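Q: build the 3D model from these lines:
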Amino acid sequence: MTFDNLMTSGMTGYEEVASDILSLRTLFVNVVFIGEPGSRSWVLVDTGMPNFTEHIVHVASERFQGPPSAIILTHGHFDQVGTVVELEQFWGVPVYAHALEIPYLTGLKDYPPADPSVGGGLMARLSFTYPNEAINLDDRVFSLPLDHSVPGLTGWRWLHTPGHTPGHVSLFREVDRLLIAGDAIVTVKQESLWSVLLQDKQLHSQPAYFTTDWDTAHESVQSIRQLEPSVAITGHGHKLSGEMLYASLRQLDENLEDTVPKHGKYVD
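A: This next block holds a predicted model:
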């Protein structure tokens, strides 16, 4: 399969967010390549859905010279770590995540099961089938530095944005105010199959069916809003930027209580 065919295959799509930022969609979740094309120094953020290892390796080999210096995980849900074991083994590079996320990445603790009763839409109703078991990276995964620096990246810092998971993080680059949000916010209504298929761009809070702490999730939205990002790449959906992003963050923050499910396994 050629690179052009890969990019238009329907399962993947990509956005050149900046000269050194490529966001690649794997089925319905994004992975992010950070580094100038042709560089030997780059980082991969999240690893997408299972069965996309060859796609990610191919894009990386077309874009860079050599393996990444690190893999950074915003969190450990199945759709963010679907290829991390294979990629770590193939490239032989360290994986980093927040310390609170490490138990879910070393086989010690499973995530709470999804709640199909919240969010509405077919994606939410089917969420009881989504894997919640821990993966085991053993001694190949490390805690992110306490000084909030990001291994392999200059000018970036990580921000603790829990709620969706205990150790969820987002990444922020001050110089151009670029945010990689993971699932702390998303730009598609992830609970709706129709919205996912259309990739309808609209800012939303975390995918409801896997969010277990709504108060903390709201605090994370507020933390992101205070950053005043100019561009946001989210775990699901297309990038959002400029006034649309600013206004959407304000609206989401001010009205988030209205979007929290009235009842649910992790609401009641």
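Q: do a quick rundown of the helices in the stretch 151-268 of the chain.
A: Under the criterion DSSP state H, counting those that start in this stretch, helices of the stretch 151-268 of the chain are mapped to 193-198, 214-227, 242-259.
Q: looking at those, which has the lowest confidence?
A: Per-stretch averages of pLDDT across the helices of the stretch 151-268 of the chain put helix 193-198 at the bottom, with a mean of 70.
Q: which of the helices of the stretch 151-268 of the chain sits most buried?
A: helix 214-227 (a mean of 18; mean count of other C-beta atoms under 10 Å). The C-beta positions use only the backbone N, C-alpha and C, and glycine is treated the same way.
Q: identify the residues contacting that one?
A: By C-beta atoms under 8 Å, 6 or more residues apart in numbering, the residues outside helix 214-227 that reach it are 159, 161-164, 168, 170, 172, 177, 179, 181, 184-185, 205-206, 211, 232, 249-250, 252-253, 256-257, 260-261, 266-267.
Q: among those, name the buried ones.
A: 159, 161-164, 168, 170, 172, 179, 181, 184-185, 205-206, 211, 232, 249, 252-253, 256, 260-261, 266 (16 or more other C-beta atoms under 10 Å).
Q: okay, and which of those map to strands?
A: If you go by DSSP state E, the buried ones among the contacts of helix 214-227 have 159, 170, 172, 179, 181, 232 in strands.
Q: ok, of those, which one's closest to residue 89?
A: residue 170 (26.9 Å; C-beta to C-beta).
Q: from residue 74, how far off is the closest one?
A: The gap separating residue 170 from residue 74 is 7 Å, by C-beta to C-beta, to the nearest Å.
Q: quick one on the thing from earlier: show me which of the ones in strands among the buried ones among the contacts of helix 214-227 is closest to residue 115.
A: Nearest to residue 115 among these, counting by C-beta to C-beta, is residue 181 at 21.7 Å.
Q: so who does that closest one touch?
A: 74, 161, 170, 224, 232, 233, 234, 235.
Q: will you turn the helices of the stretch 151-268 of the chain into TSV that also has distance to residue 25?
A: Listed next are the helices of the stretch 151-268 of the chain as TSV, based on distance: least, C-beta to C-beta, whole Å:
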stretch	distance to residue 25
helix 193-198	11
helix 214-227	21
helix 242-259	19
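Q: among those helices, which is nearest residue 131?
A: Once the helices of the stretch 151-268 of the chain are compared by C-beta to C-beta, helix 193-198 is nearest, at 17.9 Å.
Q: I'd like the contacts of residue 181 written out as a markdown table, with distance to residue 154 added.
A: Output for these, formatted as a markdown table (distance: C-beta to C-beta, whole Å):
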| residue | distance to residue 154 |
| --- | --- |
| 74 | 19 |
| 161 | 22 |
| 170 | 18 |
| 224 | 22 |
| 232 | 21 |
| 233 | 19 |
| 234 | 23 |
| 235 | 24 |
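Q: which one of the residues you listed is nearest to residue 87?
A: Distances from residue 87 to these, taken as C-beta to C-beta, are shortest for residue 74 (15.3 Å).
Q: residues contacting the closest one?
A: Under the criterion of C-beta under 8 Å, 6+ apart, the neighbours of residue 74 are 45-46, 80, 168-171, 180-184, 235.
Q: next, format these as JSON lines and append pLDDT and distance to residue 110.
A: Converted to JSON lines, the contacts of residue 74 look like this (pLDDT from 0 to 100; distance: C-beta to C-beta, whole Å):
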{"residue": "45", "pLDDT": "98", "distance to residue 110": "24"}
{"residue": "46", "pLDDT": "98", "distance to residue 110": "20"}
{"residue": "80", "pLDDT": "96", "distance to residue 110": "15"}
{"residue": "168", "pLDDT": "98", "distance to residue 110": "16"}
{"residue": "169", "pLDDT": "98", "distance to residue 110": "20"}
{"residue": "170", "pLDDT": "98", "distance to residue 110": "24"}
{"residue": "171", "pLDDT": "98", "distance to residue 110": "26"}
{"residue": "180", "pLDDT": "98", "distance to residue 110": "26"}
{"residue": "181", "pLDDT": "97", "distance to residue 110": "24"}
{"residue": "182", "pLDDT": "97", "distance to residue 110": "20"}
{"residue": "183", "pLDDT": "96", "distance to residue 110": "18"}
{"residue": "184", "pLDDT": "96", "distance to residue 110": "21"}
{"residue": "235", "pLDDT": "95", "distance to residue 110": "20"}
